[in-house]
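Student: following is a predicted model, sequence given first.
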Amino acid sequence: MKYLISLLSIFLIINVSPAQNTVWLLNGKKITISNYNINKYEDTHNLVYLNNKGKEKQIDVDDIFSVTDKSGVENVYYKKDTLLGNYFTIPQMKDYVKGEFDAYKNYKAPLFTVLGFVAGGTSAILPLDKMFYAPLIPGAATTIIGSTKASGKKIKSKYPNYANNNYYLLGYKESAKRKRINNALKGSAVGMVTGIIIAFIIGS
C-alpha cells in the first residue's frame, strides 16, 4: 500500500510540474525556464521570463541562439548577419554553442586560479612607494593567461565525436579561455585581499 501511495505521489508531482523550456545563449550558457514572452519594441527585442525567485528577467534576443520547448521543438533566433558580426550559418553556430557549453560545464582551470592568486598576493605586498604599480601585476598575468589556448589534442581526445568539427573546437576553446580569465581574476582578487591582510599583520 505504501509503495502504491509513493508511486501515485511521484505521478502527481510529475504532472503538476510546469513546462520547461531551454534557452541556449550564444555564450554557451543554458537557462531552463517555465513560461516566457517575446517583447518586441522599436529598439528592443527581449525574451521576458520569471526566475526561480519569481523576479522578472530579460534577455536580449540577439544574445539567444535558440529556445527548445518541452517536446524538443527548437525555435532558432540566431540569424547569420555579417553586419552584427554573425558570420556563422545556423548549423555552424549550433556546433560552436555546443562547444562553448561543454567547456563552460566541464572545463576546469584550477591552475589559473592559483596563478591569479599568486599575482594578486604579490601585488599587495609591494613597498608603499611601489603600490602604484600593484594593479599592473595581476593585469599582466591575466593578459598572458588570456593569450593561451586550451589544448586541441585534449579536447579531441575527450570529445572524439567532434574531433573534426572546427566550429565545436573553436567554441570550446573560446569558452575555456573565458573561464581561465575569470578564474585568474577571482584568484587575483582573493590574493590581493590575502596579501593586504598578511602585510597588515606583519606591519602591526
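Tutor: Sure, I can see it.
Student: OK, contacts around the closest residue to residue 135 other than its chain neighbours?
Tutor: Leaving aside its chain neighbours, residue 135 sits nearest to residue 123 (6.8 Å; criterion: Cβ to Cβ, 6 or more residues apart in numbering). (C-beta placed from N, C-alpha, C; glycine too.) With contact set as Cβ atoms under 8 Å, 6 or more residues apart in numbering, residue 123 has these partners: 133-138, 188, 191-192, 195.
Student: look up how far residue 144 lies from residue 180.
Tutor: From residue 180 across to residue 144, the span is 10 Å (Cβ to Cβ, to the nearest Å).
Student: same thing with residue 26?
Tutor: In terms of Cβ to Cβ, residue 26 sits 27 Å off from residue 144.
Student: these two: who's more crowded?
Tutor: Per other Cβ atoms under 10 Å, whichever of residue 26 and residue 144 has more neighbours is residue 26, with 18 against 12.
Student: which strand residues bridge residue 67?
Tutor: residue 23, residue 75 (DSSP bridges).
Student: what's near enough to touch it?
Tutor: 21-24, 36, 47, 74-75, 77.
Student: between those, which sits nearest residue 58?
Tutor: residue 47 (6.9 Å; Cβ to Cβ).
Student: helix, strand or coil for the closest one?
Tutor: strand (DSSP: H, G, I helix; E, B strand; the rest coil).
Student: nearest residue to it other than its sequence neighbours?
Tutor: Residue 47's closest residue in space is residue 59 (Cβ to Cβ, 6+ apart), at 4.7 Å.
Student: am I right that the one you found is in a strand?
Tutor: Yes: the assignment for residue 59 by three-state DSSP puts it in a strand.
Student: near residue 29, how many other residues are there?
Tutor: Neighbours of residue 29 (other Cβ under 10 Å): 15.
Student: so who does it touch?
Tutor: Neighbours of residue 29 in contact, by Cβ under 8 Å, 6+ apart: 100-101, 104.
Student: strands of the protein, start to end?
Tutor: 21-25, 30-33, 36-40, 45-50, 56-60, 64-68, 74-76 (DSSP state E).
Student: are any of the contacts of residue 123 buried, and if so which?
Tutor: Restricting the contacts of residue 123 to buried positions leaves 134, 137-138, 188, 191-192, 195, with burial counted as 16 or more other Cβ atoms under 10 Å.
Student: which one of the residues you listed sits closest to residue 112?
Tutor: residue 188 (10.2 Å).
Student: pretty sure that closest one is touching residue 142, no?
Tutor: Yes: with contact defined as Cβ atoms under 8 Å, residue 188 reaches residue 142; the gap is 6.9 Å.
Student: what is in contact with the two at once?
Tutor: 116, 119.
Student: contacting residues for the residue nearest to residue 47?
Tutor: Residue 59 neighbours (Cβ under 8 Å, 6+ apart): 23, 25, 31, 46-47, 49.
Student: I'd like the residues you listed written out as TSV, with neighbour count added.
Tutor: Shown next, in TSV, are the contacts of residue 59 (neighbours: other Cβ atoms under 10 Å):
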residue	neighbour count
23	20
25	18
31	17
46	19
47	21
49	18
